[in-house]
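> Sequence below, structure please.
(chains A, B and C)
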Amino acid sequence: MNMTATLKSDITPQGADYETVRQVIELITEDYRDQPSLEDIAARLKQPPTQLQKTFTRWAGLSPKAFLQAVTLDHAKRLLRQESMPLLETSIEIGLSGPGRLHDLFVTHEAMSPGEWKARGAGLTIRYGFHPSPFGQALVMATERGLAGLAFADDGNEQACLDDMTCRWPNATYVRDQEATAPYAARIFDPGRWRPEEPLRIVLIGSDFQVRVWQALLRIPMGKAVTYSDIAGELGQPTASRAVGAAVGRNPISFVVPCHRALGKSGALTGYHWGLTRKRAMLGWEAGKA
DNA sequence: TCTGATACCCGCT
DNA sequence: AGCGGGTATCAGA
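As a prediction, this is how the structure comes out:
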């Protein structure tokens, strides 16, 4: 590993912080109308304000207040307005050379053939493991060809999370293998290891339409967002926004395929398979790294 | 403005 | 046939 990676590795977020952060996010979004102060929040979580501030900032790179700013409707609208349509088409060229994508996670993707998709994972061996992440317990799934699945669970929900993922490819063989999946987790959640020279290999297993939607998501740089209808337009089917939403929701490699960067046209977050709080957390966390 | 209800959209099961 | 991580439009608050 090179110098850059080593130097930056100490910003690796600590998985244990997420539970605290999750509660803070829930509080500030529930009560966003009356803008709770740090003291209010700390009191309700029964923690000293200074420690809470420290935990939160270590996790997000932003103070709770700045974070709140970053996940408001206004801010979301600004993300969308910046460059909605041209963004998807040009971001690859811009991104590889320009600063806009300097901190983004680079991936190379390949899609499974329609035949492989219909086989529902038959003949495929999928290794999986749970690892702490900035967004709770992360379930990592990988095939020989690369990362195939990434999901999230709150503590205690791991089994439901695993079931959710395994039934997507019911005919695959599943092997618990923490050792095989740990390197993926370590790399995905450490922005210091995101480098274009060594892109992360991922495998997209889904229907043709779904794969096209996921590929469009991959072109949204960190710190930007698009709407479901933007993606529909990109695919040449401007009225298919609802179908796009459904496909986005079935994204098996969440976070890496940045489905959290798809928002409603109003700027509302509208939904997230692993919980809206987590979507908010991802957007805020990225705001702190960008 | 903001919130609900309604109508239409489209790929997947 | 029916269900969504949608969207535009319109009626009441």
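> which stretches of the stretch 101-250 of chain A have low pLDDT?
Scanning the stretch 101-250 of chain A for pLDDT under 70 picks out A:101-103.
> which stretches of it form strands?
A:107-111, A:125-133, A:136-143, A:146-153, A:173-176, A:200-204, A:226-227 (DSSP state E, counting those that start in this stretch).
> For DNA strand C, which of the ones you listed is the nearest?
Nearest to DNA strand C among the strands of the stretch 101-250 of chain A is strand A:226-227 (4.1 Å), distances taken as Cβ to the nearest atom of the strand. Every C-beta, even on glycine, is put in place using the N, C-alpha and C of the backbone.
> ok so, going back, got the strands of the stretch 101-250 of chain A as a markdown table, with mean neighbour count and distance to DNA strand B columns?
Shown next, in a markdown table, are the strands of the stretch 101-250 of chain A (neighbours: other Cβ atoms under 10 Å; distance: least, Cβ to the nearest atom of the strand, whole Å):
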| stretch | mean neighbour count | distance to DNA strand B |
| --- | --- | --- |
| strand A:107-111 | 15 | 12 |
| strand A:125-133 | 19 | 17 |
| strand A:136-143 | 24 | 17 |
| strand A:146-153 | 23 | 15 |
| strand A:173-176 | 12 | 19 |
| strand A:200-204 | 20 | 12 |
| strand A:226-227 | 23 | 14 |
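> closest to A:R44 out of those strands?
Closest of the strands of the stretch 101-250 of chain A to A:R44 is strand A:136-143, at 20.5 Å (criterion: Cβ to Cβ).
> So which elements touch the closest one?
When contacts are defined as 3 or more Cβ pairs under 8 Å, 6 or more residues apart in numbering; DSSP states H and E, strand A:136-143 sits against helix A:17-30, strand A:125-133, strand A:146-153, helix A:158-166, helix A:178-188.
> Apply 6 Å and report the result again.
Judged by 3 or more Cβ pairs under 6 Å, 6 or more residues apart in numbering; DSSP states H and E, the packing partners of strand A:136-143 are strand A:125-133, strand A:146-153, helix A:178-188.
> Pipe the ones you listed into a markdown table and attach distance to A:T108 per row.
Output for these, formatted as a markdown table (distance: least, Cβ to Cβ, whole Å):
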| stretch | distance to A:T108 |
| --- | --- |
| strand A:125-133 | 19 |
| strand A:146-153 | 8 |
| helix A:178-188 | 14 |
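> What residue in chain A comes nearest to DNA strand C?
A:G271 (2.5 Å).
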